[in-house]
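> quick one: sequence plus predicted model below, questions after.
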Amino acid sequence: MAQRLALQRLLSFPARGPLASHGRAFGTSAGRRSTFNVQDGSDFQDRVVNSTKPVVVDFHAQWCGPCKILGPRLEKMVAKQEGKVLMAKVDIDDHTDLAIEYEVGAVPTVLAMKNGDVVDKFVGVKDEDQLEAFLKKLIGA
């Protein structure tokens, strides 16, 4: 109880320091706006299949060690594309139907989709140079 009160007091103080002048404590990057978690099949249809932009689909799982390495690396590389490509994250444990539909046999599996079609795919962890080549091929750069 005492810890909760101390935390409440701490959180009630006005912001200080270099971020206080910006009116918020946490910023959002362009990468965050181009990356999203798929909520359900309908969301996948709307935001991935019907997307006017190319979409990288990261099929992953919370328990997957290689996914924890690839996910942030892939998000960083997508953010570098400055909105030319989107990234959809699909947890296979929450969306087994999508994993089956797209024939995901292992995680991480990454699909490159354009106009609703799978145009490229890889399984496993890739380094930044390989990811950059994968993305450039997808966006046609």
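It's in.
> show me the contacts for Gly105.
Contact partners of Gly105, counting by CB atoms under 8 Å, 6 or more residues apart in numbering, are Val123. Glycine gets a C-beta too; all of them are placed from N, C-alpha and C.
> backbone torsions only: list them for it.
Main-chain dihedrals, Gly105, degrees, to the nearest 10: phi -100, psi -20.
> if I look at it, how far off is Ala99?
9 Å (CB to CB, to the nearest Å).
> can you count the residues close to Gly41?
Using other CB atoms under 10 Å, Gly41 has 13 other residues around it.
> same question for Lys68.
If you count neighbours by other CB under 10 Å, Lys68 ends up with 15.
> please compute how far stretch 73-90 lies from its chain's middle.
7 Å (CA atoms, centre = their mean, to the nearest Å).
> which residues touch that stretch?
For stretch 73-90, contacts defined as CB under 8 Å, 6+ apart pick out 29-38, 44, 47-48, 51, 53-60, 71, 98-99, 110, 125-128, 131-132, 135, 138-139, 141.
> average pLDDT for it?
Mean per-residue pLDDT for stretch 73-90: 95.
> same check, this time on stretch 44-61
For stretch 44-61, mean pLDDT is 97.
> filter the contacts of stretch 73-90 down to the ones in strands?
With DSSP state E as the criterion, strands contain Thr35, Phe36, Asn37, Val55, Val56, Val57, Asp58, Phe59, His60, Val110 from among these.
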